[in-house]
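quick one, fold the following:
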Amino acid sequence: MKELLASFKYQGAERLAPVVAAMLASALERFHTARGLRFDLVTAVPLSDARLAERGFNQAERVAAIVAAWHGIPYANLLVRTRDSEKQSRKGRGARIRDMQGLFRAADIPDPLRSIQTGKIRILLIDDIYTTGSTMNECAHALLQAYSSAEIHGLAWARA
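Okay, here's the model as predicted:
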């Protein structure tokens with residue numbers, strides 16, 4: 001998995017997106033079965049502009065969009081980064097948690113999705129790696145500030 005992720009995330013092997021998505025889709029199906037939950041919307045953890053320029057694509061976004069399409073769930077970019085941050089892989093737990101604070105905010109909502117601000121909605125947030133949980137927590141916090149009645153669930157491809 002480590003080699004697969006390195007190829008996909010850092011070496012630009014975008015062709016691996018469906019492979020990673022298939023693994024996540026399988027986990028999502030088990031989640032549906034175990035908890036009986038259905039999601040109204042899928043989103044992904046956004047990259048910084050610098051990281052996006054460096055990699056050429058957001059791996060979490062690619063995988064999330066594929067999973068959403070396979071399950072017939074709308075996908076939307078609901079989050080943006082408020083600033084750039086250093087690579088988290090080089091930091092310890094405390095530094096990661098500090099760095100993540102206030103790093104995300106809700107994006108402007110496209111007109112077709114405006115109704116989600118007021119109604120009860122289940123959002124599935126997808127990322128590639130779950131290490132300390134600080135990224136998922138900060139993204140969920142930003143989403144809840146914008147969509148107070150939302151129920152946010154996270155799904156990651158791997159746990160470090």
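
low pLDDT regions in this protein?
Scanning the chain with the threshold set as pLDDT under 70 gives 4, 6-13, 85-94, 96-97, 110-119.

do a quick rundown of the helices in it.
Assigned by DSSP state H, the helices in the chain fall at 2-5, 17-35, 49-55, 59-71, 93-100, 134-146.

how about those in JSON lines, adding mean neighbour count and distance to residue 159?
All C-beta atoms are positioned from the backbone trio N, CA, C, and that covers glycine. Output for these, formatted as JSON lines (neighbours: other C-beta atoms under 10 Å; distance: least, C-beta to C-beta, whole Å):
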{"stretch": "helix 2-5", "mean neighbour count": "12", "distance to residue 159": "12"}
{"stretch": "helix 17-35", "mean neighbour count": "15", "distance to residue 159": "11"}
{"stretch": "helix 49-55", "mean neighbour count": "12", "distance to residue 159": "21"}
{"stretch": "helix 59-71", "mean neighbour count": "21", "distance to residue 159": "15"}
{"stretch": "helix 93-100", "mean neighbour count": "14", "distance to residue 159": "14"}
{"stretch": "helix 134-146", "mean neighbour count": "19", "distance to residue 159": "11"}
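
among these, which is nearest residue 84?
helix 49-55 (5.2 Å; C-beta to C-beta).

next one: that closest one to chain centre, how far?
Distance of helix 49-55 from the chain centroid (C-alpha atoms, centre = their mean, to the nearest Å) equals 16 Å.

please apply the same query to stretch 17-32.
In terms of C-alpha atoms, centre = their mean, the centre of stretch 17-32 is found 14 Å from the chain centre.

got JSON lines for the helices of the chain, with distance to residue 157 too?
JSON lines is the format used below for the helices of the chain (distance: least, C-beta to C-beta, whole Å):
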{"stretch": "helix 2-5", "distance to residue 157": "7"}
{"stretch": "helix 17-35", "distance to residue 157": "6"}
{"stretch": "helix 49-55", "distance to residue 157": "16"}
{"stretch": "helix 59-71", "distance to residue 157": "7"}
{"stretch": "helix 93-100", "distance to residue 157": "18"}
{"stretch": "helix 134-146", "distance to residue 157": "13"}
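
I'm done for today, thanks for sticking with me.
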